[in-house]
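*Asks:* the amino acid sequence is not available; the structure is as follows:
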């Protein structure tokens, strides 16, 4: 029986998302190994193809979050993020799909020209509240109280949908991936992806525990120190497996994180991101985003080029979990070309 069958779920995503090899890039990377590898395979799990307002990883979380909101009789989804937040864009689209209102607390100032994710938020009918990046979560709590005082029934969604309800989306996703790898005869040396608010990684870790699948799960940190992210993911994964009915307490040391690629800070595009985005587009026609997958894929390339034994020796199969975000490319054009 699937590990999330007992949990309410509102269908939003096109599933299963594809898992497919990147043959040209795999060959290019394998030739740089010492000694060169003849059977190395890099694959991509395409959660940029979940389908909701151009897709992305948050759609999986929102299937469980929206179901919970509807079960509680809520009429409005509220959440927060950056101006180019992938999570906010998918939340606005999920609200539209479910017949709910959506109000977003965004950090910063409205762009002079709407573009990227912010433009899609507008098209999906979201209402905006602006504050500083540091005050976003406080403002979100204030907004919840204001809406309740006005007779509304808001459903509070934290950063990235990263709570035990949302994280169950990635426990279910890991079960989907295990079925796909078994069908392809792939035994992954590691699953690698961007990790920031921790919900995707916590869900994958929880899913692996619930399934008894001993697969290495490495989050490339986007904006947190290794210790901070390990602690956050361990706590959330523990709460998530309890919700799955498979209780276990994870320690920070159980969580695999690399914080070697933080660059100049969150959403600051550097050479690492530019090279990763360009290389994958030119070799495979797959688009990364400038904040999350660009940084994480750049980190993965660096590990494969300089420390491939991190994944075992010899490394044979790596899965990069593409969490989406390509609409943000249009807002970062000046930094990418």
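*Replies:* Received it, and whenever you're ready, just let me know what you need. Source: prediction; values computed, not measured.
*Asks:* make it CA atoms for all contacts and neighbour counts henceforth
*Replies:* OK.
*Asks:* now for the helix ranked longest in the chain, which elements pack on it?
*Replies:* For the chain, the helix with the greatest residue count under DSSP state H is helix 164-184. Counting contacts by 3 or more CA pairs under 8 Å, 6 or more residues apart in numbering; DSSP states H and E, helix 164-184 packs against helix 58-71, helix 199-211, helix 226-243.
*Asks:* try 6 Å this time
*Replies:* When contacts are defined as 3 or more CA pairs under 6 Å, 6 or more residues apart in numbering; DSSP states H and E, helix 164-184 sits against helix 58-71, helix 199-211.
*Asks:* following the chain past the longest one, name the next helix or strand.
*Replies:* It refers to helix 58-71. Using DSSP states H and E, the next helix or strand after helix 58-71 towards the C-terminus is strand 76-82.
*Asks:* gap between that next one and the chain center?
*Replies:* Relative to its chain's centre, strand 76-82 lies at 16 Å (CA atoms, centre = their mean, to the nearest Å).
*Asks:* one more: stretch 46-59?
*Replies:* That offset, for stretch 46-59, works out to 10 Å (CA atoms, centre = their mean).
*Asks:* before we move on, back to that, residues making contact with the very next helix or strand once past the longest helix of the chain?
*Replies:* Remark: after helix 164-184, the chain's next helix or strand is strand 190-195, criterion DSSP H and E. With contact meaning CA atoms under 6 Å, 6 or more residues apart in numbering, strand 190-195 is reached by 216-221, 292-293, 296, 318-321.
*Asks:* could you redo the last one with a cut-off of 7 Å?
*Replies:* Contacts to strand 190-195, defined as CA atoms under 7 Å, 6 or more residues apart in numbering, come from residues 201, 215-222, 292-293, 296, 311, 318-322.
*Asks:* hang on, the earlier thing: now the longest helix of the chain: buried residues?
*Replies:* Residues of helix 164-184 classed as buried by neighbour count (16 or more other CA atoms under 10 Å): 164-175, 177-178, 180.
*Asks:* mind listing which of the contacts of strand 190-195 are in helices?
*Replies:* Under the assignment DSSP H, those contribute 201, 293, 296 to helices.
*Asks:* distance of residue 140 relative to residue 215?
*Replies:* To residue 215, residue 140 is 37 Å away according to CA to CA, to the nearest Å.
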